[in-house]
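Participant: I'll drop the sequence and a predicted model, then ask my questions.
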Amino acid sequence: MSLFESYGFKVDYCKIERFESYHTPKDVFEIFMTGASVGYLNPEYYDEDIGGYVEDAMKIIMRSFEEQAENESIKLIFNRVFIVVAEKP
């Protein structure tokens, strides 16, 4: 039984697809900031004041992307889940 089925849904379709694309380090950083950074760098998710942690982390992350670039490009690989569910009658 899948997670969705355990909550009363019927899974009609489920597929994981791999997507690859190439981007500049700046573009990769912008992609990071619209997604993963919300979980890693949001001060609301910490019990204590994290001070300058966010700014320092962003500098380190950007530097890492620059170091990973080959010919000014980084290959990003995303796995996307496509799922169609319906409520069980």
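Facilitator: Done, it's in.
Participant: and the residue nearest the centre of the chain, backbone torsions?
Facilitator: Geometric centre of the chain, nearest residue: Ala36, 4.2 Å, by CA atoms, centre = their mean. Main-chain torsions, Ala36, degrees, to the nearest 10: phi -60, psi -30.
Participant: how near is Thr24 to Ile74?
Facilitator: 8 Å (CB to CB, to the nearest Å). Yep, even glycine has a C-beta here, placed from its N, CA and C like the rest.
Participant: who's more crowded, the two?
Facilitator: Ile74 (20 against 14; other CB atoms under 10 Å).
Participant: What is the three-state secondary structure of that one?
Facilitator: Classification of Ile74 by DSSP: H, G, I helix; E, B strand; the rest coil places it in strand.
Participant: does it really touch Val28, like I thought?
Facilitator: Yes. If you go by CB atoms under 8 Å, Ile74 and Val28 touch, sitting 5.1 Å apart.
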